[in-house]
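>>> structure for the following, please:
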Amino acid sequence: MIRLCPKHKGSSNVLSQLHARLAKLKREAIARAKQRRGRKTEGVQKEGEAQVCMLGKTMSGKSWLMRKLTEAKPELAAHSFTTTRPVVGMMTWRGVKIQLVEIPATFDAPYMSVCRTADAIALIVKDEEDEDDMLVVMKNFYIRRPHVTVNPWTEDPDSIREKLAHTLRLIIVHTKSPRGLSSMSLPVGSNVSKFAERIHKDFIKHFRFAFLWRMVNGQKRRMQVGLSYVLQDGDIVELHM
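Numbering: from 1, shown residues only. All right, here's what the predicted structure looks like:
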């Protein structure tokens, strides 16, 4: 309208109103853009076999537990809200790596968005009241992931590792090759096809059979299996093309 409006004395009031309206629309557009940037999610790239987010109140022991389970070195202090951004570390469990993400106790929305895509949630608590409060936090932020309650003040790190892995519903399967054994985690119920695909997708196309070693009644037994055979925790698999 500004471009098309005639430029003479009689149209000066109309042009003035149009310019004022345009300036207002520009201010509103800038404000909306800033608001959208403020709502941008704070992503944490997944690494390892699975990702677990640690949620807990301030001074709950999250940072102490992160130091015990991983190589990460989050700041420890006697005052509240020491952690202000997500802290990432890798936990080793039976030869595989699981990513732990410590979420700040400020529960900022951009950081909480990480929890909605995690494979599991660890609620770090001291008592039942803390647990109830954390369940409310999960509900308020629409976090619907498998979760487990962990008390770092009464549980030892090894049992916590097993707890987290159990919540993730993982099994460990070992790859047999000329170089020896290596470990891989798979979801419970995975078959040989899933195992072979994790190593290389072409292994499915050229698959002939697999030798599998499994402990049965205290003895290790070997069997020949196909792609549809369901694996169990501790199995050793040798693929033949």
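>>> check contacts around the nearest residue to residue 123 once chain neighbours are set aside.
Using CB to CB, 6 or more residues apart in numbering and skipping the chain neighbours, the partner closest in space to residue 123 is residue 134 (4.4 Å). The way it works is simple: take the backbone N, C-alpha and C, and place the C-beta from them, glycine included. Residue 134 is in contact with 55-57, 123, 125, counting by CB atoms under 8 Å, 6 or more residues apart in numbering.
>>> please report which of those has the highest neighbour count.
Using other CB atoms under 10 Å as the neighbour test, the contacts of residue 134 are led by residue 55, with 27 neighbours.
>>> quick check: bridge partners of it?
residue 123 (DSSP bridges).
>>> buried set for stretch 224-231?
225, 227, 229, 231 (16 or more other CB atoms under 10 Å).
>>> and the residues you listed, which is closest to residue 203?
When the buried residues of stretch 224-231 are compared for distance to residue 203 (CB to CB), residue 227 wins out at 9.7 Å.
>>> returning to what we had before: just to be sure, the residue nearest to residue 123 is in a helix?
Yes: per DSSP: H, G, I helix; E, B strand; the rest coil, residue 134 lies within a helix segment.
>>> tell me the pLDDT at it?
What the model reports for residue 134 is a pLDDT of 95.
>>> so of the buried residues of stretch 224-231, which ones are in helices?
Using DSSP state H to define helices, no part of those is located there.
>>> from these, pick the one nearest residue 186.
Once CB to CB is applied, the member of those that ends up nearest residue 186 is residue 231, at 6.7 Å.
>>> can you report phi and psi for the closest one?
Backbone geometry at residue 231, expressed as degrees, to the nearest 10, gives phi -90, psi 160.
>>> show me what counts as buried in stretch 139-156.
141, 143, 145, 147-152.
>>> for that stretch, which outside residues touch it?
53, 60-62, 64-65, 68, 107, 109, 112, 115-116, 118-126, 131, 137-138, 160, 163-164, 166-169.
>>> before we move on, what SS does residue 30 have?
helix.
>>> how far away is it from residue 110?
21 Å (CB to CB, to the nearest Å).
>>> neighbour count for these two, which is higher?
Neighbour count, other CB under 10 Å: between residue 30 and residue 110, residue 110 has more, with 13 against 10.
>>> state the helix or strand in which the more buried one lies.
Assigned by DSSP states H and E, residue 110 belongs to helix 109-112.
>>> what packs against that helix?
If contacts are counted by 3 or more CB pairs under 8 Å, 6 or more residues apart in numbering; DSSP states H and E, helix 109-112 sits against no helix or strand.
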